[in-house]
Every structure is written in C-alpha cells, then in structure tokens.
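> need coordinates for the following:
(chains A and B)
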Amino acid sequence: MEKKLHLGPMEFKLLHFFMTHQERVYSRDQLLDNVWGTNTYVEDRTVDVHIRRLRKALETHDKLIQTVRGSGYRFSTRTD
Amino acid sequence: MSSKILIIEDEFAIREMLTFVLEQNGYSVIAKESYNDAQQALLHESPALIILDWMLPNMSGIQIAKKLKQSDSHKSTPIIMLTAKSEEDDKIQGLEVGADDYITKPFSPKELIARIKAVLRRTQPTATDDPIEIVGLRLDPISHRVTVDGKETALRSNGI
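Sure thing, here's the model as predicted:
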C-alpha cells in the first residue's frame, strides 16, 4: 500500500541530515545551522515544529527521532 | 540540490577553467579573485566547499585558510588548496592551517572533481546523492523519495 504525505521540503532535509548523522545529539541551534543554514533567522522553536511533523510523517518509524531532554534531538535505532 | 563552491583564484584563465569544469559537473560556482572580493559570498552564500589558491596578492591562501578556520561561520567549511608548489613542506603547512586537501597545478579536471567529491563525502555526508537505508527506512536524495519497507511516503517538495 502506498501512502503519500504532504509535507514541506524542510522535513526531508531534516531527515536527510539525521540519517547521515546518526547516534549523535544535536541542539536546536546546531540543527538550525546544519539544516536551515547559518544565515537564516528563525526561532529555535521552529525546529520543534518540524520535528513534530517529521515524526508524524515517519509513522511507525517515529521512534527514530528521539528527544534528548535538555540537549536536543538524536536519530537513533536504539531505544534504550 | 547542487553544492555551492567558492573559488578564490587571482589568475583569470584558471578561474575560468575551474568555473567551467565545476559547472559541467553540476556544481554552482562563485568565482572571486581575492579574499576581499570573496567577502560578500562568504557572508551570504555559505559555500559547501572553498577552492583556495595558494599564491594570491595581498593575503596568501595560507593566511586566508587560517582566518577561515578560526572563524565561527566557516571553521567547518572544507578547503582545498590549489598550489603550484609540490614541496612537502608546503603541503604540510597547508594541511596544518586547516586545509582539507590540496591539489598541485597543473592538475586534471578529473582529479579535481574526484578530490572535491571525496572531501565533501568526508565533511558533509548530506552533500552526496547516495540513497541511505536504515532499519527499513530508505531515503533517496535524488528523487526526494522516502520509503518504509517498500511502502512509499513521498515528502512533497514545494516551490519548485
């Protein structure tokens, strides 16, 4: 069964970044720098919004995007 | 998405040649003749890689590389030094100030492209176009397709 999700390109970029930088924690600032670019001025809470959308898009794989309290986010296949 | 490459090279002929070769290979190119000239591009374009000539008037490539590697905004931007010098000491000096690779003039376009690809692969894995697959989740950077165990979930890319 094929299912299409209607999301902006930001979630794609975010996922691409995470998949190529696994098992490392990134702060919101670092994600903004790496995914949005260093010359964009967006609030760091913007990251949370896109993380939420990305998780929703990943459906059963949403656990890959993990919140690390007080630090940021991490892409990991481990759930411990 | 093509990677943006900044060239700082004072010799017109080489600058043109580099621009031609890189564009042919799908990169978008900003070519400047000096560090001063490149300021705007460095501030606003965030290049994925910098090709830096060793012998430049005013400020040498080594000085520039040092400066870039000490700056917050460009310390992680890879630099390939372009040099007519093939002396071991010079190569070492270049690598020590933070250059990621160097290439000796005269060079073949093929070698240059191969080195650029290698440096980009090393420094920023997202710049390559190879599909990635992790626990059944597959992402193809070229087609912008994300699939889960054969079940496709297309992320729409808007604006294009």
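> now stretch B:123-132: average pLDDT?
Regarding stretch B:123-132, the rounded mean pLDDT is 71.
> same question, stretch A:17-34
Per-residue pLDDT over stretch A:17-34 has a mean of 88.
> check contacts around A:Val47.
Residues near A:Val47 by CB atoms under 8 Å, 6 or more residues apart in numbering or on different chains: A:28, A:31-32, A:73. C-beta coordinates here come from the backbone N, C-alpha and C atoms, glycine included.
> in chain A, what spans have low per-residue confidence?
A:1-7, A:38-39, A:80 (pLDDT under 70).
> mind jotting down where the strands sit in it?
Here chain A has its strands, by DSSP state E, at A:25-26, A:65-68, A:72-75.
> can you report how many residues lie near B:Ile116?
24 (other CB atoms under 10 Å in any protein chain shown).
> any idea what sits nearest it, other than its immediate chain neighbours?
Leaving aside its sequence neighbours, B:Ile116 sits nearest to B:Leu49 (CB to CB, 6 or more residues apart in numbering or on different chains; 6.3 Å).
> against B:Leu42, how distant is that neighbour?
Going from B:Leu49 to B:Leu42 by CB to CB, to the nearest Å gives 13 Å.
> the more surrounded of the two?
Neighbour comparison, B:Leu49 and B:Leu42: the larger count goes to B:Leu49, with 25 against 20 (by other CB under 10 Å).
> just the strands of chain A: most buried one?
Ranked by mean neighbour count under mean count of other CB atoms under 10 Å in any protein chain shown, the strands of chain A are led by strand A:72-75, which reaches a mean of 20.
> export it to PDB, keeping only CA atoms.
C-alpha atoms of strand A:72-75 as PDB (Å, rounded to 0.1, in the frame of the first residue of the first chain):
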ATOM      1  CA  GLY A  72      18.100  18.400  21.700                       C
ATOM      2  CA  TYR A  73      17.400  15.600  19.300                       C
ATOM      3  CA  ARG A  74      19.000  12.500  18.100                       C
ATOM      4  CA  PHE A  75      18.500  10.000  15.300                       C
END
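> now that strand: how far from the chain's centre is it?
7 Å (CA atoms, centre = their mean, to the nearest Å).
> now do it: everything it contacts.
For strand A:72-75, contacts defined as CB under 8 Å, 6+ apart pick out A:18-19, A:21-28, A:30-31, A:47, A:51, A:64-68.
> partner strands of that strand and their direction?
Strand pairing for strand A:72-75, using DSSP bridges, gives strand A:25-26 (antiparallel), strand A:65-68 (antiparallel).
> and B:Asp89, how many neighbours?
Residues near B:Asp89, counting by other CB under 10 Å, number 8.
> run through the strands of chain B in chain order.
Using DSSP E, the strands found in chain B span residues B:4-8, B:28-32, B:49-53, B:79-83, B:101-104, B:132-134, B:137-140, B:145-148, B:151-154.
> picking up where we left off before, B:Ser143: which of the strands paired with strand A:72-75 is closest?
strand A:65-68 (21.9 Å; CB to CB).
> any idea what the residue nearest in space to the middle of chain B is bridged to?
Centroid check for chain B by CA atoms, centre = their mean gives B:Leu49 as the closest residue, at 2.2 Å. Under DSSP bridges, the beta-bridge partners of B:Leu49 are B:Ile5.
> kind regards, and thank you for your time.
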